[in-house]
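Engineer: Quick one, structure for this:
(one chain, ligands or ions: 2)
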Amino acid sequence: MDTSPLDRVDALLTSGQPDAAVDIVRQAAAAGDAAAHFRLATWHLIGDPLPRNLQAARRYLTSAVAIGHVDAALMEVALTANGGGAPADWPAALALLERAAAGDPLAADHLRLVQAMKLDPSGLPLASPSAEVLYEKPDVRRFPSFLSAAECRHIALAAQDLLAPALVADPRTGRTIPNPIRVADEAVIGPTREDLVIRAINRRIATASGTDVAQGEALTILRYGKGQQFKPHLDTLPAVLNQRGWTMLIYLNDQYHGGETLFPRLDLKVKGRPGDALLFRNLTDDGSPDPATIHAGLPIEAGVKWLCTRWIRQEPFDPWAGVPA
Ligand SMILES: O=C(O)CCC(=O)C(=O)O
Ligand SMILES: [Fe+2]
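Structural biologist: Ligands and ions are numbered 1, 2, ... in the order given. Purely as a prediction, here's the structure:
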């Protein structure tokens, strides 16, 4: 059987021999193996078994792309747009996507979706999305048709291979257990997967909420099956310096019964149409968590509900340094 030297790498890593694994991949990279260049890039992004080094990761992505690695091309586009390892550069990212689209149908799909958006040359929306006020204080606004049907589909597809049951650390044992409040599958679109479509949508969310895109946590997709729900909660976090000031929810489909977003203290129940977004302020004027914003995603009675959430902090933060405490 034809085996590549890279096949041994995972075995070496799991058996605690990272140096040997790195040697093999470095040799393969020197011999011009695109997958080896991509592997070195991802190791420098993850910070294991090589140190976190975004600049080095970018160099390996560029060389992997030059020798024809398709996934490296999309990751290079993402980091070029969101500023991983170099200042964010939308025009450069778009040019890279155009080049990738010539040989990769997935990149061509991304390009078509971005071209259908009304953006200025720096990738910002030309117009601020329009909203209707659902509640004055706390501020709750609905943005009808915030996303197109194709954009909703794109987000669901981007989440597909990442969806897994929402988990939480058990405060008593420290062990990971199913999240007792958020009973759903979830997927987090981190900076390496923030393709240009999702980047542009994250910037649209920033424009709509009057925030900087760097204040937003990674876009999180939630998929609720029958009986699943997000029990009543506040989106603020206990004892953090950089609090979640705003939440943007975007409804991605309507193939379900039940599942409305309920704000019991406001007597407000929202059943979003696909593409509608809901923005609400989590803090009172003095900056403390607003108990009136307690809300729930009600249990699904039939079908499957898809939604995405962006929790927006008060201040920008570095996504590579982890979610701020
Ligand atoms: O599913 C919903 O309607 C609510 C989601 C939610 O509360 C959240 O993502 O923070
Ligand atoms: Fe919430």
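Engineer: going forward, measure contacts between C-alpha atoms and count neighbours the same way
Structural biologist: Noted.
Engineer: mind listing the helices for the stretch 151-300 of the chain?
Structural biologist: 196-209 (DSSP state H, counting those that start in this stretch).
Engineer: Any chance you could note which residues of it sit beside ligand 1?
Structural biologist: Taking C-alpha under 6 Å from any ligand atom as the criterion, the stretch 151-300 of the chain approaches ligand 1 at residues 230, 235, 260, 261, 296, 297.
Engineer: Next, count neighbours for the fifth one.
Structural biologist: Pointing back at residue 296 there. A count of neighbours around residue 296, defined by other C-alpha atoms under 10 Å, yields 21.
Engineer: was I right about it contacting residue 261?
Structural biologist: Yes. Using C-alpha atoms under 8 Å, residue 296 makes contact with residue 261 at a distance of 5.6 Å.
Engineer: Kindly provide the distance from the residue lying closest to residue 20 once chain neighbours are set aside to residue 25.
Structural biologist: Ranked by C-alpha to C-alpha, 6 or more residues apart in numbering and with sequence neighbours excluded, the top spatial neighbour of residue 20 is residue 12, at 6.9 Å. The spacing between residue 12 and residue 25, counted by C-alpha to C-alpha, to the nearest Å, is 11 Å.
Engineer: neighbour count winner among the two?
Structural biologist: Each of residue 12 and residue 25 has its neighbours counted (other C-alpha under 10 Å); residue 25 has more, 22 against 16.
Engineer: Next, the more buried one: secondary structure please.
Structural biologist: Three-state call for residue 25 (DSSP: H, G, I helix; E, B strand; the rest coil): helix.
Engineer: Looks like it contacts residue 7 (just checking).
Structural biologist: No. Contact criterion C-alpha under 8 Å: residue 25 and residue 7 do not qualify, at 10.1 Å.
Engineer: sorry, back to before: could I get the contacting residues of the residue nearest to residue 20?
Structural biologist: Shown in contact with residue 12 (C-alpha atoms under 8 Å, 6 or more residues apart in numbering): 18, 20, 21.
Engineer: Give me the residue ranges of the protein where confidence is low.
Structural biologist: 1-3 (pLDDT under 70).
Engineer: Can you tell me the centre-most residue of it?
Structural biologist: residue 189 (2.4 Å; C-alpha atoms, centre = their mean).
Engineer: now residue 16: how far from ligand 1?
Structural biologist: The spacing between residue 16 and ligand 1, counted by C-alpha to the nearest ligand atom, to the nearest Å, is 38 Å.
Engineer: Count the residues that sit near that residue.
Structural biologist: For residue 16, the neighbour count with other C-alpha under 10 Å is 11.
Engineer: quick check, it in a helix?
Structural biologist: No. Read with three-state DSSP, residue 16 is coil and lies in no helix.
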